[in-house]
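>>> my questions are about this predicted structure, shown below with the sequence.
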Amino acid sequence: MNRHSRSFLWPLLVVPLAGLGLVGACAPDVPASTPSPALPASAVVAAPPALPELPAPLGGDCRIEVRGPDGWLDRGGASCGSGGRIGVLVVGDMGWPGPILDATVAGMRARCDAGPCDLGLLAGDLIYGDGADAALRWRGVWDEALAGLRLPFAAVLGNHEWRQEPNPHLKRAAVFASDGRGGLIAPGPSFAARLRTSDGRTLLAIAAVDTDSVANPGPGMPGLGAEALAAACGEGAPVLWLGHHPPSSEGLHHTHEAHVEAAL
């Protein structure tokens, strides 16, 4: 989508905590995977100026944890869901602040008022336009809009953070510099996260992957994120995989979704 398009908001996704209805199926032979290559030096720039602190997500009795090089890292409190279900709010292609994004956030808030939302997923195309203005634009998208929902949000990159407009590396830098800010979970192009109870049970795992590495592979791309998939699938819990390009979409996004599906 482009900056003139409406942000794309999925209906509230309800994940059952037991029995059938897993959102993502994990193959039993998921490989340990080869580590993804490091980001190119051009993707590393100075962080934007320091900003005022944002309110933390409302939290709850569970914890959000992200897989790091040496194990799982605590990222704060989160709701455990209710009635045996977890409500997940999913939105993508929201990378331009203004009336369209404001209307989308209002719709998200109304949806959460109608049925509890426990966590959010941002499915890429987070910042449109020239990356030279990325820090300011991302502040409008995240700090001044989505963060106000007071949910932990896991985010992945889309094609607009890798190409399309000039200076995409500045967009990636702006997003990654905001990791942990106001509940944002965006430590890198791919990662695994989990929602965990106080007694050590994983209720839900998330595999956040970089689908643009499959859609448009080339030098400097980090790879899909097989490590993230393996870590999430190893939790023995329902798994959501989060990526920008949807598989099995009959080519409605540039015709390359079959490659994404095959890679997954």
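That came through, no problem.
>>> wait, doesn't G243 sit right on D210?
Yes. Look at G243 against D210 with Cβ atoms under 8 Å: they come within range, at 7.3 Å. C-beta coordinates here come from the backbone N, C-alpha and C atoms, glycine included.
>>> what do the two both touch?
Taking Cβ atoms under 8 Å, 6 or more residues apart in numbering as the criterion, G243 and D210 both touch V156.
>>> quick one, strands of this structure?
8-9, 13-16, 62-68, 71-78, 85-92, 119-123, 153-156, 184-185, 191-196, 202-208, 239-242 (DSSP state E).
>>> can I get these in a markdown table including distance to P219 and mean neighbour count?
Converted to a markdown table, the strands of the chain look like this (distance: least, Cβ to Cβ, whole Å; neighbours: other Cβ atoms under 10 Å):
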| stretch | distance to P219 | mean neighbour count |
| --- | --- | --- |
| strand 8-9 | 30 | 16 |
| strand 13-16 | 35 | 17 |
| strand 62-68 | 26 | 21 |
| strand 71-78 | 30 | 15 |
| strand 85-92 | 26 | 22 |
| strand 119-123 | 25 | 26 |
| strand 153-156 | 21 | 26 |
| strand 184-185 | 28 | 24 |
| strand 191-196 | 22 | 25 |
| strand 202-208 | 23 | 26 |
| strand 239-242 | 25 | 23 |
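>>> output those in JSON lines, with distance to A262 and mean pLDDT appended to each entry.
Output for the strands of the chain, formatted as JSON lines (distance: least, Cβ to Cβ, whole Å; pLDDT from 0 to 100):
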{"stretch": "strand 8-9", "distance to A262": "24", "mean pLDDT": "60"}
{"stretch": "strand 13-16", "distance to A262": "24", "mean pLDDT": "60"}
{"stretch": "strand 62-68", "distance to A262": "24", "mean pLDDT": "96"}
{"stretch": "strand 71-78", "distance to A262": "29", "mean pLDDT": "95"}
{"stretch": "strand 85-92", "distance to A262": "22", "mean pLDDT": "92"}
{"stretch": "strand 119-123", "distance to A262": "20", "mean pLDDT": "96"}
{"stretch": "strand 153-156", "distance to A262": "19", "mean pLDDT": "98"}
{"stretch": "strand 184-185", "distance to A262": "27", "mean pLDDT": "98"}
{"stretch": "strand 191-196", "distance to A262": "21", "mean pLDDT": "98"}
{"stretch": "strand 202-208", "distance to A262": "16", "mean pLDDT": "97"}
{"stretch": "strand 239-242", "distance to A262": "14", "mean pLDDT": "93"}
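>>> list of residues touching stretch 54-73?
Contacts of stretch 54-73 (Cβ under 8 Å, 6+ apart): 74-80, 118-119, 143, 147, 150-152, 181-183, 185, 187, 191-198, 203, 228, 231.
>>> mind listing what L122 touches?
Residues near L122 by Cβ under 8 Å, 6+ apart: V91, G92, M94, L146, F153, A154, A155, V156.
>>> and if we set it to 7 Å?
If you count contacts by Cβ atoms under 7 Å, 6 or more residues apart in numbering, L122 has them with V91, G92, F153, A155.
>>> which residues does it bridge with?
Beta-bridge partners recorded for L122 (DSSP bridges): V91, A155.
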